[in-house]
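just need the structure, nothing else, for what follows:
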Amino acid sequence: MENIEECINGLNSRDSKTRKHSYFKLVHEIGKQAIPALINTMKSNKYPKNYLSRVWCTIINIGGPEAEEFFMNILRDNNNSYKIDAVAALGEMKAKCAVPFLIESIQDKNFNIRLNSIVALGLIADPAAVPYLRVVLKDSNPKILEIAIFSLIFIGDVDSIIFIRALLNHRLADVRMAALAAMGHMGSKCDLQVLNRMVECDRSGNIRDMVSTVVLAIESMERIPRKVKVITILEITNRTAFDPHNEVFVKGEVEEVGHILRVYARFEEAYNTEFGWVGQEYVEII
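A predicted model of the protein is given here:
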């Protein structure tokens, strides 16, 4: 059986099968015992970025208190260039210990830290974040509004629908669509009048179609099915994601992989798409 150092070095192999084998060993067999050595590797500045990305994602997928503390220490260091990614990592790990830091980071000056913090709070789904996410619903940035709504959906705070209703009239269709998704999950029959008026008046055909679906869901007292996919990309070359069977480790259920990977065409410039936040993790709500 390979030792820990051999497996960590295997993540830097040019052979894709060796990399995948090393990753599997570290995550599924060695587990938390490998965390100290993986963290020491991350602290070195002599390794290539793509190798450190694999080490980083291996730490996330092993998880545990020591891994959470590693990412928390990055958050505490205001000069750390990995801070944006650490926020996303803590969300993917569903680290409840990070909730107070993430709540504070909602007000960060860095837009990407703010956005990743809101996403992370939704993934962790701690009700303690609800009052702060409700305040975010007053933000002037439409992308912040959109992601905050989805985070409240993830948490499942039905009472937040009172604050989300006003966004059904937002000028941007993406925000209205997110508010409609919340209606499908948390709305009630008292919302039907407003929704039926949207079917008649909204200029967006996609919105009108979505409204019809939400109305049917509320009338039948059923909620729109929700499926969350979290996909971790370990390596990007020439702005194109590699084939998942050779170069990408995938966590969770994946369907239509070719279509999903096209979303990552500009991964090097972390950005948002109609499919959700594209960065260390990708979340899609169906």
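
only C-alpha atoms from now on, for both contacts and neighbour counts.
Will do.

need the contact list for residue 5.
Contacts for residue 5 (C-alpha atoms under 8 Å, 6 or more residues apart in numbering) come out as residue 37.

in which helix or strand would I find it?
helix 4-10 (DSSP states H and E).

and that helix, average pLDDT?
Summarised as a single mean, pLDDT over helix 4-10 is 93.

distance between it and the chain's centre?
Relative to the mean C-alpha coordinate of its chain, helix 4-10 is positioned 28 Å out (C-alpha atoms, centre = their mean, to the nearest Å).

then stretch 47-60?
Put simply, stretch 47-60 sits 18 Å off its chain's centre (C-alpha atoms, centre = their mean).

list the buried ones in the helix holding residue 5?
Residues 4, 7-8, 10 are the ones in helix 4-10 that count as buried (16 or more other C-alpha atoms under 10 Å).

so where do the helices sit in the stretch 151-286 of the chain?
Remark: helices assigned in the stretch 151-286 of the chain by DSSP state H, counting those that start in this stretch are 161-164, 173-186, 192-201, 205-219, 257-262.

winner for burial among the ones you listed?
Greatest average neighbour count among the helices of the stretch 151-286 of the chain goes to helix 173-186 (a mean of 23), per mean count of other C-alpha atoms under 10 Å.

which strands or helices does that one pack on?
Applying 3 or more C-alpha pairs under 8 Å, 6 or more residues apart in numbering; DSSP states H and E, one finds that helix 173-186 makes contact with helix 142-155, helix 161-164, helix 205-219.

who are the packing partners of the shortest one?
Yep, that's helix 161-164 we're talking about. helix 173-186.

using the record's assignment, carve the chain into domains.
As assigned by the TED database, the chain contains the domains 1-62, 80-156, 160-240.

centre of the chain versus the last one, how much separation?
On the basis of C-alpha atoms, centre = their mean, the separation between the geometric centre of domain 160-240 and that of its chain is 18 Å.

repeat that for the first one.
Its chain's C-alpha centre lies 22 Å from the corresponding centre of domain 1-62 when counted by C-alpha atoms, centre = their mean.

neighbouring contacts of stretch 76-91?
With contact meaning C-alpha under 8 Å, 6+ apart, stretch 76-91 is reached by 60, 68, 71-72, 74-75, 98, 102, 112-113, 116-117, 119-124, 280-281.

again, but for stretch 153-170
Here stretch 153-170 makes contact (C-alpha under 8 Å, 6+ apart) with 122-127, 130, 134, 137, 149, 152, 175-177, 179-180, 182-183, 185-187.
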